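> could you work out the structure for the sequence below:
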Amino acid sequence: MSGVGRIALAVVPGREGGLIDDVAAHGYDVTARCSSADELASVLAASRSDFAIVSSVERYLNPRLVAEADAAGVRIVAIAETDAGRRHAANIGLHEVVEGDADWARIEAVLLGAPLRAEALPGPTGGRGNVIAVWGPAGAPGRTTLAINIAAELASAGHTVALADVDTHSGSVAPTLGLLDEAPGFAAACRLAGSGALTRAELERIGQRYSSPHGSFWVLTGIGRPSRWPELSAERVVATLAECRKWVDYTVVDTGFNLEGDEEIVSDLAAPRRNAATIAALREADQVVAVGSADPVGLSRFLRAHVDLLETIVTERILVVMNRLRSSAIGSSPAAQVTQSLERFGGITAPVMVPYDRQATDAAVLTGATLYDVAAKSPARVAIGALVTQRILPPAAALPDRRRGIRWPSRARNTMRAAEVPAAPTVSRLRG
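Prediction:
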């Protein structure tokens, strides 16, 4: 083999020319140029290709091609120009998908992604996944940002992950990640759970996929219109999270801020409650990440709301994170001052500090991506990575044990790449 790998192509004509130039420029050999998925499937084994790059439309990607690639040991990467293309790939079980404007570096990163979990071993490690709820008071302390990036860090550590938006007031996971929210995934899951029809296959059908070379994860988008909150009843949320435990290793839940129960102002005790989804998610969670903003106003809001949180769930399951730490809002030694305030007024010890990095978070919002994908060395991303590896994952759990000694399939369902994340100085100093 003269190049570093053999690649077969089946892409739309407008993309083929530039892709061939990129393939050749980076030392790969083009083994086949096909005009349809069926044509590529027919020649794939004979071409002795290592990889295949296809356009994510029905003409160039179909179940037959995916099956032939599995049999021949060929890794497929699909290029999706639209969300419909991404969904088409997901519907036939292919999740190695890049955006239509992806450059060669992005495509190659997915091509050469780390080996993934064997399909013979589906479901979460140990048979029961974990639920992590991210909660914070009113005032936008960064619940969604933290939930998204916790999910990204868990995925980068080699675990299967689903991110669920359960906020009935202002769900924003979908727009933050640049996903469509016309058909909210979590609401659909709740409806299916209410009728006893929610299964792993249904979750993968209604879920959307955030693809990343560092680690991909599922997303169950939230309701776009707050008026749809009755669809997320407590019973349905509990049933949906129970099914998610069977589906993935970790389910990260972005909750709402309001913990009011409404019992004192509603005469019909059987009527649905707007905050029931948030309260149910918090009570079902194995761990609750309580996030506040590290400034005088944010601290005040957090300490008042923290009292309500303690009345909702047990204290041992709460991990406090103070977001957007900066000396410009707190003064000198901001970490020490925030820590002292939390301990003095709330009895909170060993909080995790996430530095304020506006440039990185703005870049993530602009591109609809995670911090890991746009600014891996950002102080905020490093702190969240340390939070996950040191405080959320069990010791020595960088990867599931069952990855050792098994044969990897050629086609992977999500990217698993272990990441050694150094602890942020502010975090390590605060650990008790």
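> what mean pLDDT does the helix with the most length in the chain have?
When the chain is parsed with DSSP state H, its longest helix is helix 296-312. Averaged over helix 296-312, pLDDT sits at 96.
> what's the answer for stretch 392-412, then?
Rounded mean pLDDT across stretch 392-412 is 50.
> what's the answer for stretch 95-107, then?
pLDDT averaged over stretch 95-107 gives 86.
> and stretch 60-80, by the same measure?
On average, stretch 60-80 scores 92.
> sorry, back to before: now the longest helix of the chain: buried residues?
When burial is assessed from 16 or more other C-beta atoms under 10 Å, helix 296-312 yields the following buried residues: 298-303, 305-306, 309. Quick note: C-beta positions are derived from backbone N, CA and C, even for glycine.
> next SSE downstream of that helix?
strand 318-325 (DSSP states H and E).
> in this structure, mark out all the strands, start to finish.
5-10, 28-33, 51-55, 75-80, 97-99, 130-135, 161-165, 208-210, 217-220, 250-254, 287-293, 318-325, 352-355 (DSSP state E).
> next, count neighbours for the residue lying closest to His306 once chain neighbours are set aside.
In space, and not counting its chain neighbours, His306 is closest to Gly346: 5.6 Å by C-beta to C-beta, 6 or more residues apart in numbering. Neighbour count of Gly346, defined by other C-beta atoms under 10 Å: 18.
> who are the contact partners of Gly346?
302-303, 306 (C-beta atoms under 8 Å, 6 or more residues apart in numbering).
> closest one of these to Asp29?
Nearest to Asp29 among those is Phe302, at 57.4 Å by C-beta to C-beta.
> quick one: low-confidence ranges for this structure?
Counting by pLDDT under 70, the chain has low-confidence residues at 1-3, 113-127, 262-272, 396-432.
> domains of it?
Per automatic domain parsing, the domain ranges recorded for the chain read 5-111, 125-430.
> so which of the strands of the chain comes closest to Arg381?
strand 352-355 (9.2 Å).
> partner strands of the closest one and their direction?
Each strand paired with strand 352-355, and its direction, by DSSP bridges: strand 318-325 (parallel).
> buried residues, the strand it pairs with. List them.
318-325.
> quick one: it to helix 296-312, angle?
Counting by axes from the mean of the first three to the mean of the last three C-alpha atoms, to 10 degrees, strand 318-325 points 170 degrees away from the direction of helix 296-312.
> neighbouring contacts of strand 318-325?
Contacts for strand 318-325 (C-beta under 8 Å, 6+ apart): 141-142, 145-146, 287-295, 298-299, 302, 306, 309-310, 334-335, 338, 342, 348, 351-356, 387, 391-392, 426.
> how about a cut-off of 7 Å?
141-142, 146, 287-294, 309, 334-335, 338, 342, 348, 351-356, 387, 391, 426 (C-beta atoms under 7 Å, 6 or more residues apart in numbering).
> list buried residues within the residues you listed.
141-142, 146, 287-294, 309, 334-335, 338, 342, 348, 351-356, 387, 426.
> is it possible to export the buried residues of strand 318-325 to JSON lines including distance to Asp22?
Formatted as JSON lines, those follow (distance: C-beta to C-beta, whole Å):
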{"residue": "Ile318", "distance to Asp22": "49"}
{"residue": "Leu319", "distance to Asp22": "44"}
{"residue": "Val320", "distance to Asp22": "47"}
{"residue": "Val321", "distance to Asp22": "41"}
{"residue": "Met322", "distance to Asp22": "44"}
{"residue": "Asn323", "distance to Asp22": "39"}
{"residue": "Arg324", "distance to Asp22": "39"}
{"residue": "Leu325", "distance to Asp22": "41"}
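> just those residues now: which is nearest Gly222?
For these, the nearest to Gly222 is Asn323 (20.1 Å; C-beta to C-beta).
> Ser56: which of the contacts of Gly346 is nearest?
The closest of those, once distances to Ser56 are taken by C-beta to C-beta, is Phe302, at 43.3 Å.
> spatially nearest residue to the closest one (excluding sequence neighbours)?
Closest to Phe302 by C-beta to C-beta, 6+ apart is Gly292, at 3.1 Å.
> what bridges to the one you found?
Applying DSSP bridges, one finds that Gly292 bridges with Met322.
> so it touches Leu303, yeah?
No - the criterion here is C-beta atoms under 7 Å, and Gly292 misses it with Leu303 at 8.0 Å.
> hmm, back to that, and the gap between the residue nearest to His306 and Ala290?
10 Å (C-beta to C-beta, to the nearest Å).
> one more: Ile20?
52 Å.
> same question for Leu371.
Leu371 is 20 Å from Ala290, by C-beta to C-beta.
> related to what we said a few turns ago, got a markdown table for the strands of the chain, with distance to Leu65 too?
Formatted as a markdown table, the strands of the chain follow (distance: least, C-beta to C-beta, whole Å):
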| stretch | distance to Leu65 |
| --- | --- |
| strand 5-10 | 8 |
| strand 28-33 | 12 |
| strand 51-55 | 7 |
| strand 75-80 | 7 |
| strand 97-99 | 14 |
| strand 130-135 | 35 |
| strand 161-165 | 27 |
| strand 208-210 | 19 |
| strand 217-220 | 23 |
| strand 250-254 | 31 |
| strand 287-293 | 41 |
| strand 318-325 | 44 |
| strand 352-355 | 43 |
